[in-house]
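Novice: Build the 3D model from these lines:
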Amino acid sequence: MPAVIDLDPTATALVGRAIDVLAGRRVAVVTGAGVSTDSGIPDYRGEGAPARTPMTAQQFLGDAAARRRYWVGSHLGWRAFSAAEPSAGHAALAEWEDAGVVAGVVTQNVDGLHLRAGSRRVVELHGTMRRVFCTRCGQVFDRRDIAERVERDNPWMATPENVALGPDGDVLPASSDGFVVPDCTVCSGLLKPDVVFFGEFIPAEKFREAEALVRSCEALVVAGSSLVVNSGLRLVERARRRRLPVVIVNRGATRADAKATVKIDAGTSEVLRAFASALPALSRRGH
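Specialist: Numbers count the residues shown, from 1 in each chain. Now for the predicted structure:
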């Protein structure tokens, strides 16, 4: 196995074990916020994660003041969020897919960084910040177009100060007084970013797509997720029922550590790069 940089001896040994477990198998990957921390996007639960009270779907849809606060914070954060670059971990997964080892990525992230890194088959379980849709007529808008409207109607938003980025690309605004909320240009309906809010269910067809990806593979890698969200844990359960090896890479404990074939407590960028550097070994006896 190639030398592994920035990993302690225990993690290095576990990386070698994981490579042996995954060798020759078609792999599905589930990713969480920990994959994007090296891109400058904080996670929810890791060490140093900011305290945060999430916006629920019920609040957003039913409370005009809460919706206005959300749009201010979401827009300010989106500017910084959209400027983030894929990490070494994102790039490694794209390289792994190019080599025919990874069949696809199921991500809980809404940042679009897997696609920007070059991954082709990406199931975005929780949606994407790239789109906004009308809750009345269903019209879909590019987030960049909505951002232009927001700044045209609220000129002070074009030069924000002291923006501290949140996990889903939002910030806690100092004030939302006077903010003009964008509406649908087709029917004047309420616009909502195309992401799954707290209190919402993942669309059934999206979860079926994720299940199909896992079902088509012979091993599962979980990277950067504590699996607190049930969607990721359910995919691990699907893999375990089929007796597939499960490799978990995450700083800190996850809800599936006891079920993992190999658990590596380390940074995802370092470990995924180590996997990518071992592609000849991973591809042996491959497809």
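
Novice: in stretch 72-83, what's buried?
Specialist: 72-81 (16 or more other CB atoms under 10 Å). For every residue, glycine as well, the C-beta is placed using N, CA and C.

Novice: Now tell me which of the residues you listed the prediction trusts least.
Specialist: Within the set of these, pLDDT is lowest for Ala80 (72).

Novice: What pLDDT does the model give Glu47?
Specialist: Per-residue pLDDT puts Glu47 at 52.

Novice: one step back: mark which of the buried residues of stretch 72-83 are part of helices, please.
Specialist: Using DSSP state H to define helices, the subset of the buried residues of stretch 72-83 located there is 72-81.

Novice: Just give me the closest of the residues you listed to Ala256.
Specialist: For these, the closest approach to Ala256 (CB to CB) belongs to Phe81, at 28.1 Å.

Novice: gap between that closest one and Ser283?
Specialist: Separation of Phe81 from Ser283 (CB to CB, to the nearest Å) stands at 35 Å.

Novice: just Leu93 next, same as before
Specialist: Distance of Leu93 to Ser283, given as CB to CB: 15 Å.

Novice: Have a look at these two and say which one is more surrounded.
Specialist: Between Leu93 and Ser283, counting by other CB atoms under 10 Å, Leu93 is the more crowded of the two (32 against 15).

Novice: The more buried one falls within a helix, correct?
Specialist: Yes - the assignment for Leu93 (DSSP: H, G, I helix; E, B strand; the rest coil) places it in a helix.

Novice: wait, it sits on His114?
Specialist: Yes - at 6.7 Å, Leu93 counts as touching His114 under the criterion of CB atoms under 8 Å.

Novice: joint contacts of these two?
Specialist: Common neighbours of Leu93 and His114 are listed as 31, 105 (criterion: CB atoms under 8 Å, 6 or more residues apart in numbering).

Novice: thinking again about what came up before, dump the ones in helices among the buried residues of stretch 72-83 to TSV, plus distance to Arg238.
Specialist: Listed next are these as TSV, based on distance: CB to CB, whole Å:
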residue	distance to Arg238
Val72	39
Gly73	35
Ser74	33
His75	37
Leu76	38
Gly77	33
Trp78	33
Arg79	38
Ala80	35
Phe81	31
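
Novice: Can you tell me which of those residues is nearest Val236?
Specialist: After measuring those against Val236 - CB to CB - the closest member comes out as Phe81, at 27.7 Å.

Novice: Any figure for the gap between Thr268 and Val132?
Specialist: 29 Å.

Novice: Which of these two has more residues huddled nearby?
Specialist: Ranked by neighbour count (other CB under 10 Å), Thr268 and Val132 place Thr268 first, with 30 against 22.
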